[in-house]
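In: need a structure here:
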Amino acid sequence: MPGGRLTQQERQQIALGLADDLAYAEIARRLDRPTSTVTREVMRNGGPTAYRADLAHRATERRAHRRGQTARRGTETPLPAYGRDPEAVREYEEALTAVMMASGMTAMPARVMASITLTDTGSLTASELVERLKVSPASVSKAIAFLESQSLARREQGEGRRERYIVDDDIWYQSMMASVRANARVVEIARQGVDVLVPGTPAANRLENVARFLDFVSESLARAAEQAREILHTKPGTTSNGTDRPSPDNGQTGVSAHGRDRSPRPPLH
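Out: Here you go, the predicted model:
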């Protein structure tokens, strides 16, 4: 498998693949490159609808030139922790950002979340993010506001008046539970629509199926998140005080963690 930076010819092949609506994995297979390389290349150069091989190639050359100038000026860079390869870490951060963007997150929140996630402390201040990402404080503030709205980051008071933005081990649990609560609101409004559209009619049946589907999925998601959190944060077979730990649902297989009946339901229409 070839290594090193993409060539201009490879970028042209990526552009042709995107024009043919090929998946990143298929484009990568044709180039004999990792899928992450193609994903990162596309997402940091305009995305699948705006990617242009010539512009992407020039942008890469400019970035390499800037890095070379920084190195020649002797800019002091903190030594990487644990003997990590700084170039490999930078490439991985770009890949992680690209994957988050491909899942639907916009560029700046994805960059901020990736940057915080890859710190050993799991936290950064606004000024640290501005310095690391070379963006404005306003951009960081908007990105953090979005991440907080999705429960993907939280803030704590740091030294002095500085707030620290945190992406810790509990963030994904909190985000899952926020999704469950959002689904619950959709279930509630869907069931209101059933009454408005008259039960038994095609439109009402459709809304009832939406409500039942999301209700079932949300209960399953909440239960899985609770169990995973307990298993991952507690030694197997014990509670935090060392005593035997009961099963996560206490044997109540017919009731959800929120007290709702989880008995089998008839199939969806």
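In: mean confidence for the strand or helix carrying residue 54?
Out: Using DSSP states H and E, residue 54 maps to helix 53-73. Per-residue pLDDT values across helix 53-73 average out to 69.
In: Provide the contact partners of the host helix or strand of residue 115 at residue level.
Out: Using DSSP H and E, residue 115 maps to helix 107-117. Helix 107-117 is contacted from outside by 93, 96-98, 100-101, 105, 122-124, 129, 132-133, 135, 139-140, 142-144, 146-147, 152-153, 165-167, using C-beta atoms under 8 Å, 6 or more residues apart in numbering. The way it works is simple: take the backbone N, C-alpha and C, and place the C-beta from them, glycine included.
In: how about a cut-off of 7 Å?
Out: For helix 107-117, contacts defined as C-beta atoms under 7 Å, 6 or more residues apart in numbering pick out 93, 96-97, 100-101, 122-124, 129, 132-133, 139-140, 142-144, 146-147, 152-153, 165, 167.
In: Of those, grab the buried ones for PyMOL.
Out: The buried residues among the contacts of helix 107-117 can be selected in PyMOL (16 or more other C-beta atoms under 10 Å) with this line:
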select buried, resi 93+96+97+100+101+123+124+129+132+133+139+140+143+144+146+147+152+153+165+167
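In: Now, the contacts of helix 107-117 that are in strands?
Out: Mapping the contacts of helix 107-117 onto strands (DSSP state E) picks out 123, 124, 165.
In: Give the rounded mean pLDDT of the helix holding residue 115.
Out: Rounded mean pLDDT across helix 107-117 is 94.
In: Stretch 183-201 too?
Out: The pLDDT scores in stretch 183-201 average 96.
In: per-residue pLDDT, the closest residue to residue 153 other than its chain neighbours?
Out: The spatially closest residue to residue 153, leaving aside those adjacent along the chain, is residue 147, at 3.8 Å (C-beta to C-beta, 6 or more residues apart in numbering). pLDDT recorded at residue 147 is 95.
In: if I pick residue 147, what's in contact with it?
Out: Here residue 147 is in contact with 109, 112, 113, 153 (C-beta under 7 Å, 6+ apart).
In: can you pick the most crowded of the residues you listed?
Out: Within the contacts of residue 147, residue 112 tops the neighbour count with 29 neighbours, counted by other C-beta atoms under 10 Å.
In: how far away is residue 83 from residue 89?
Out: 11 Å (C-beta to C-beta, to the nearest Å).
In: the helices in the stretch 151-269 of the chain, which residues?
Out: 171-196, 202-233 (DSSP state H, counting those that start in this stretch).
In: got JSON lines for those, with mean neighbour count and distance to residue 36 too?
Out: Converted to JSON lines, the helices of the stretch 151-269 of the chain look like this (neighbours: other C-beta atoms under 10 Å; distance: least, C-beta to C-beta, whole Å):
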{"stretch": "helix 171-196", "mean neighbour count": "15", "distance to residue 36": "21"}
{"stretch": "helix 202-233", "mean neighbour count": "16", "distance to residue 36": "25"}
